[in-house]
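Chemist: Return atomic coordinates for the entry below.
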Amino acid sequence: MPLAQPAFNDLEMPLCEVRPTEWVNLRFAEYAGKTKLFYPNPGARLTPFSMDVPCLYLARTEKTAFFELYGDRLYAAKQAGKRMIFPETELDRRVFVGVQTDLLRLCDLAQRGGGPKLHLDARTLWAADLEFPQRFAEAIYHHPANVDGIRYRSRHTDENCLVVWERRKVARPLKGAPSPLRAHLCATNIGHASLFGEEILLAGTSKTYDDLIRD
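Modeler: Predicted coordinates for the structure are as follows:
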């Protein structure tokens, strides 16, 4: 757990600035509108524990955005000698949204020694019980450094990712329709499908596979 907030506030915050950049976020299509760009998700690792802070998770590429959402499930399935089951209904609902950020001032957990400055080690950051990293995210949010969010490194692609908080207007959706996750699905027959090179078991219909193979 993080130190009590008064003591945590005395710690040196590892900081970085990220210039205005285009990013991507993978989400359900019903949350792709401008009014719901930020929202607290109890299943997200670096959402402050109180769930009072709307958040936006960002990756530089669609591949990393996908792995940030599904990488742990893919890994668990591989460890069990299986393929991850991916419902066709979820495949149809997920879309990639382009996001433009302004200049950001962030807590930098991607820099060498960043986490230890806050008494945050890798085992805590990547703990299966999300309460632990979420408690640290809460403490970081309330730190007097007043950062816009956190930069961290993806365990799955080693790319830098961000979680940005809605404490000021720092991000907006890019113009253009969201890109569907389905566009990245590859299937060769009824038993084999993949997303971003990872084998999955698509819980769909034979017609789905027939249409994909024909395309």
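
Chemist: Would you mind listing the buried residues in stretch 109-126?
Modeler: 109-110, 114-115, 117-118, 120, 124-125 (16 or more other Cβ atoms under 10 Å). For every residue, glycine as well, the C-beta is placed using N, CA and C.

Chemist: And the next helix or strand past the lengthiest helix in the chain?
Modeler: Taking DSSP state H as the criterion, the chain has its longest helix at helix 62-79. Remark: after helix 62-79, the chain's next helix or strand is strand 84-87, criterion DSSP states H and E.

Chemist: tell me which strands and helices that next one is in contact with?
Modeler: helix 62-79, strand 198-203 (3 or more Cβ pairs under 8 Å, 6 or more residues apart in numbering; DSSP states H and E).

Chemist: what about these, which gets the closest to Thr89?
Modeler: Nearest to Thr89 among those is strand 198-203 (8.4 Å), distances taken as Cβ to Cβ.

Chemist: what angle do the closest one and helix 62-79 make?
Modeler: Interaxial angle, strand 198-203 versus helix 62-79 (axes from the mean of the first three to the mean of the last three Cα atoms, to 10 degrees): 80 degrees.

Chemist: And the contacts of strand 198-203?
Modeler: By Cβ atoms under 8 Å, 6 or more residues apart in numbering, the residues outside strand 198-203 that reach it are 74, 82-88, 91, 185, 187, 192-194, 208-209.

Chemist: and the residues you listed, which are buried?
Modeler: 74, 83-84, 86, 91, 185, 187, 193-194, 208-209.

Chemist: just the residues you listed now: which is nearest Ala137?
Modeler: Using Cβ to Cβ, the buried ones among the contacts of strand 198-203 come closest to Ala137 at Leu74, 24.0 Å.

Chemist: Now Arg91. Its backbone dihedrals?
Modeler: Careful, residue 91 is Leu and not Arg. phi -60, psi -40 (degrees, to the nearest 10).
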